[in-house]
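Novice: Here is a sequence with its predicted model. Questions after.
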2 protein chains.
Amino acid sequence: MAGSVRREAETDGVDTAVRELLLLMPRMVGRVKRIPVPEALESLSLAPRHLSLLACLLFDGPLTVNDLAARLEVAPTTVSLMVGDLSGKGVLDRREDPADRRRRIVAIAPNQHEAIAAWLAPGAQAWRRVLTPLEPEQRRLFVDTLLAYEAAVAEERER
Amino acid sequence: MAGSVRREAETDGVDTAVRELLLLMPRMVGRVKRIPVPEALESLSLAPRHLSLLACLLFDGPLTVNDLAARLEVAPTTVSLMVGDLSGKGVLDRREDPADRRRRIVAIAPNQHEAIAAWLAPGAQAWRRVLTPLEPEQRRLFVDTLLAYEAAVAEERER
DNA sequence: CAAAGCAGCTTTGATGTCAAAGGTAAATGG
DNA sequence: CCATTTACCTTTGACATCAAAGCTGCTTTG
């Protein structure tokens, strides 16, 4: 099997965990993609797939299309289409960068700011519920391990 | 900002972690979707999106279409199309359940078993690299926390 | 300053995914 | 038994995503 490359006693617990995680990941992804949209925002044709884009803008302020695509690990095409869509509906604010007219600065429309923060809250709530009972160093370990996994996957890709 | 004085020592660490995780998740998902396919399997038109389906079958043996869809948190439609595709190419083996002819039992074709296990190995490798340096109870904590998050998201959805 | 090259975004055509509808087989119950 | 309901899968039509090509404006170079 995939997990049985090594047979030393030391890696035994590791293989069990790896197996669990390999099966868990796709489920988790599927679930996150189905977080419900509050009614207040549904009228603006906002869907779960917009959530991560809006989170980026809310946390890190106005960004360009390429910036967003890089952070979301998604093609610039996709961001461009989503932004075009959402700015047409008044959720986002897309304007030329005066300093470089090739660029488009994307920001959350001020009057939608609050509603969007409210949408993000329950998503964050799930994490908060899980992290609150942990000790600070346990939280740190958890986040660092996920970050390390992300980095490991990125390296895996260059071979 | 991250290093600034903490006002509420207890909740501050949580909020920082939540913020990091909210931004990390979509990136991680994007990366995983781009794990490269070994050349040996590319000729069979296997792509990264097939990986989790094959992992399920490899770990948990033959399953029905609905079972697979539930485990992957994906629509039965999608599984049905993928299975139809892959069984046409000899990667999977789809046959009627003799006990209930509505059901289709899906399994990995025996002669492809090894090649697929080899494909899964590097994906598992990323996890293994990250988990190996941890203490056993740290690994346990990590996996349990992710499982708890999955459960929390599932609950969030029913409101 | 003109020409070539580059950077950032959008458009286009192809593919993946899904919800809803359709088809067939088992279970229920009168 | 036949009729109805339920379970499982597939087909279909609509939409999300992406790679490649196209467009525009900045930057470099002679």
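Specialist: The structure has been received and is ready for your questions. Because the structure is predicted, anything quoted here is derived from the model rather than measured. Numbers count the residues shown, from 1 in each chain, chains lettered A, B, ... in the order given.
Novice: Need the per-residue pLDDT for the spatially most central residue of chain A.
Specialist: Compute the mean C-alpha point of chain A, and by C-alpha atoms, centre = their mean the closest residue is A:Ser52, 4.6 Å away. For A:Ser52, the pLDDT comes out at 95.
Novice: Likewise for the one 3 residues further on?
Specialist: What the model reports as pLDDT for A:Ala55 is 96.
Novice: roughly how far apart are it and DNA strand C?
Specialist: 19 Å (C-beta to the nearest atom of the strand, to the nearest Å). Using the backbone N, CA and C atoms, a C-beta is placed for each residue, glycine as well.
Novice: Could you pull up the residues touching the residue lying closest to that residue once chain neighbours are set aside?
Specialist: Leaving aside its chain neighbours, A:Ala55 sits nearest to B:Leu22 (5.3 Å; criterion: C-beta to C-beta, 6 or more residues apart in numbering or on different chains). When contacts are counted by C-beta atoms under 8 Å, 6 or more residues apart in numbering or on different chains, B:Leu22 touches A:Ser52, A:Ala55, A:Phe59, A:Leu120, A:Gly123, A:Ala124, A:Trp127.
Novice: Distance of the last one relative to chain B?
Specialist: Noted for A:Trp127: a distance of 5 Å to chain B, by C-beta to the nearest C-beta, to the nearest Å.
Novice: Would you mind giving the secondary structure of that residue?
Specialist: For A:Trp127, the assignment made with DSSP: H, G, I helix; E, B strand; the rest coil gives helix.
Novice: wait, is the residue nearest to A:Ala55 part of a helix?
Specialist: Yes. Assessed by three-state DSSP, B:Leu22 belongs to a helix.
Novice: And for the helix or strand of chain A with the lowest mean pLDDT, what's in contact with it?
Specialist: Scoring the helices and strands of chain A by mean pLDDT, DSSP states H and E places helix A:39-42 at the bottom, with a mean of 87. Helix A:39-42 is contacted from outside by A:Ala115, A:Ile116, A:Ala118, A:Trp119, using C-beta under 8 Å, 6+ apart.
Novice: circling back: in this structure the residue nearest to the centre of chain A contacts A:Glu73, no?
Specialist: No. A:Ser52 is beyond contact range of A:Glu73, at 9.6 Å (criterion: C-beta atoms under 8 Å).
Novice: any residues in contact with both of these two?
Specialist: Any residue near both A:Ser52 and A:Glu73 by C-beta under 8 Å, 6+ apart counts here, and that gives B:Pro26.
Novice: Show me where chain A dips below the pLDDT cut-off.
Specialist: A:1-12, A:157-159 (pLDDT under 70).
Novice: re earlier: buried stuff in the least confident helix or strand of chain A?
Specialist: A:Leu41 (16 or more other C-beta atoms under 10 Å in any protein chain shown).
Novice: What of stretch A:21-40?
Specialist: A:21-23, A:25-32, A:35, A:37.
Novice: farthest pair in those?
Specialist: A:Leu22 and A:Val37 (29.9 Å; C-beta to C-beta).
Novice: just to revisit the earlier point, please indicate which of the contacts of B:Leu22 are buried?
Specialist: Here, 16+ other C-beta under 10 Å leaves A:Ser52, A:Ala55, A:Leu120, A:Gly123, A:Ala124, A:Trp127 buried among the contacts of B:Leu22.
Novice: Considering the residues you listed, which is situated nearest to DNA strand C?
Specialist: For the buried ones among the contacts of B:Leu22, the closest approach to DNA strand C (C-beta to the nearest atom of the strand) belongs to A:Ser52, at 16.2 Å.
Novice: Identify the residues contacting the closest one.
Specialist: So A:Ser52 contacts A:Leu72, B:Leu22, B:Met25, B:Pro26 (C-beta under 8 Å, 6+ apart).
Novice: So which of these belong to helices?
Specialist: A:Leu72, B:Leu22, B:Met25, B:Pro26 (DSSP state H).
Novice: Of those, which is the nearest to DNA strand C?
Specialist: Checking the ones in helices among the contacts of A:Ser52 against DNA strand C with C-beta to the nearest atom of the strand, the nearest one is A:Leu72 at 12.7 Å.
Novice: List just the nearest of the contacts of B:Leu22 to B:Pro110.
Specialist: Closest to B:Pro110, out of all of these and judged by C-beta to C-beta, is A:Ser52, at 40.5 Å.
Novice: That closest one and A:Gly123, how far apart?
Specialist: 9 Å (C-beta to C-beta, to the nearest Å).
Novice: helix/strand/coil for the residue nearest to A:Asp85 when sequence neighbours are not counted?
Specialist: Counting by C-beta to C-beta, 6+ apart, A:Asp85 lies nearest to A:Ser45, which is 7.7 Å off, once chain neighbours are set aside. Under three-state DSSP, A:Ser45 falls in the coil class.
Novice: ok, A:Ser45 touching A:Gly90?
Specialist: No. Using C-beta under 8 Å, A:Ser45 is not in contact with A:Gly90, being 11.2 Å away.
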